[in-house]
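[1] quick one, structure for this:
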Amino acid sequence: MFTATLIAASSQRNLEGALVENLRNALGGGDAIWLAADEAAEFALQTEPSNFEDVWQSCQDMGIDLALQPMTGRRKKVLLADMDSTMIQQECIDELAAEAGVGARVADITAKAMNGELDFEGAIDERVGLLKGLPETIIDYVLKTRITYMPGGATLLATMKANGAYAALVSGGFTAFTARVAGTLGFDENRANTLEIEGGQLTGRVVRPILGQEAKLDALNDITQRLNLSTDDVLAVGDGMNDLLMLKNAGTGVALHSKPALQEKCKVRINHGDLTALLYLQGYSTADFHTPGT
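    Sure, this is the predicted structure:
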């Protein structure tokens, strides 16, 4: 048995009942269950449709995300999340580079690295090298003035944690940022790279070892083993090719507003919904949502 979930952007709320019913009828699905009025609905399917990719693309063309998952085990016990362009709306290294006056050059390298066109470790060394000499205080300034959180993230964390889940922020970015983001959103732990700082300035180097694609997979395995859980118990989310191994080995791996190369390799893709889409994928309705502090 499978569950098909349809999700609209929370800002648009353009999921029409007629679309849900027409799709349910065409695929031979069970009764539709609305998780959020005009935004998210699901129904059961006996088998995976052979034309799923065509149906998915048709939904995309209407501004609707469609995901198909096994019905059992959807509600996860671990959230493993990337940070840049996933839990926050920016790439931290690009924002630091903008302050250093090399924003366009670094942003181009970042885009190519996240799409798998460049070696991740080499790309991070090249970009960080361009930040040499920046004062350490620039990190706090960027956090305060240039970093914004992805919509739905706080609700995602609060809801999953209220239901007993463990949350880890695993980033190819930097600990100076992940520590703040993790603390604000309520992650239980964070892992990232460390910018080398000497005499109050960035040296242009990254402390070894560099956390890349393999390290994210290691985090998945380490955390599940430590909690005595299976990788099937994990919901992982990311946007770049350095997230691929983490997403492919998690029980549910979600490519969120991701680079084309990653989308091609992932079954669950969210391009219109925000981070609350990850709750709908697990069968949570808005009545189940928690807000921070509740």
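
[2] what's the domain layout of this protein?
    What automatic domain parsing lists as the domains of the chain is 1-72, 75-90+149-294.

[3] can I get these in JSON lines including mean neighbour count?
    Every residue, glycine included, has its C-beta placed from N, CA and C. Shown next, in JSON lines, are these (neighbours: other C-beta atoms under 10 Å):
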{"stretch": "domain 1-72", "mean neighbour count": "16"}
{"stretch": "domain 75-90+149-294", "mean neighbour count": "20"}
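
[4] in TSV, list those along with distance to residue 127 and mean pLDDT.
    Listed next are these as TSV, based on distance: least, C-beta to C-beta, whole Å; pLDDT from 0 to 100:
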stretch	distance to residue 127	mean pLDDT
domain 1-72	31	97
domain 75-90+149-294	9	96
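
[5] and of those, who's closest to residue 135?
    Nearest of the domains of the chain to residue 135, taken as C-beta to C-beta: domain 75-90+149-294 at 5.9 Å.

[6] turn the domains of the chain into a markdown table, columns for distance to residue 133.
    Formatted as a markdown table, those follow (distance: least, C-beta to C-beta, whole Å):
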| stretch | distance to residue 133 |
| --- | --- |
| domain 1-72 | 40 |
| domain 75-90+149-294 | 6 |
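
[7] need the single longest helix in this structure, by residues.
    The residue-count maximum for a helix in the chain (DSSP state H) belongs to helix 213-226.

[8] could you check the angle the helix or strand following that one makes with helix 213-226?
    Downstream of helix 213-226, the first helix or strand assigned by DSSP states H and E is strand 234-238. Our comparison of strand 234-238 with helix 213-226, counting by axes from the mean of the first three to the mean of the last three C-alpha atoms, to 10 degrees, yields an angle of 160 degrees.

[9] sheet partners, orientation included, of strand 234-238?
    strand 78-81 (parallel), strand 252-256 (parallel) (DSSP bridges).

[10] what are the contacting residues of the following helix or strand past the shortest one?
    The one in question is strand 78-81. Following strand 78-81 in sequence order, the next helix or strand is helix 92-100 (DSSP H and E). Contact with helix 92-100 is made by 83-84, 103, 105-107, 110, 124, 127-128, 130-131, 134, 138-139, 141-142, 146-147, 173-174, 177, as judged by C-beta atoms under 8 Å, 6 or more residues apart in numbering.

[11] next step: the residues you listed restricted to strands.
    173, 174 (DSSP state E).

[12] so which of the contacts of helix 92-100 belong to helices?
    103, 105-107, 110, 124, 127-128, 138-139, 141-142, 177.

[13] buried subset of those residues as a PyMOL selection?
    Selecting only the buried entries of the ones in helices among the contacts of helix 92-100 in PyMOL, with 16 or more other C-beta atoms under 10 Å as the criterion:
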select buried, resi 106+107+110+124+127+128+138+139+142+177
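
[14] just the ones in helices among the contacts of helix 92-100 now: which is nearest residue 282?
    residue 177 (27.0 Å).

[15] dump the residue contacts of that closest one.
    Residue 177 sits in contact with 83, 88, 92, 139, 143, 147, 171, 192, where contact means C-beta under 8 Å, 6+ apart.

[16] try it again with 6 Å
    residue 92 (C-beta atoms under 6 Å, 6 or more residues apart in numbering).

[17] just residue 66 next, same as before
    6, 56, 59.

[18] hang on, the second one in a helix?
    Yes: when classified by DSSP: H, G, I helix; E, B strand; the rest coil, residue 56 is found to be part of a helix.

[19] helix, strand or coil for the residue lying closest to it once chain neighbours are set aside?
    Leaving aside its sequence neighbours, residue 56 sits nearest to residue 66 (C-beta to C-beta, 6 or more residues apart in numbering; 5.0 Å). Assigned with three-state DSSP, residue 66 falls in the strand class.
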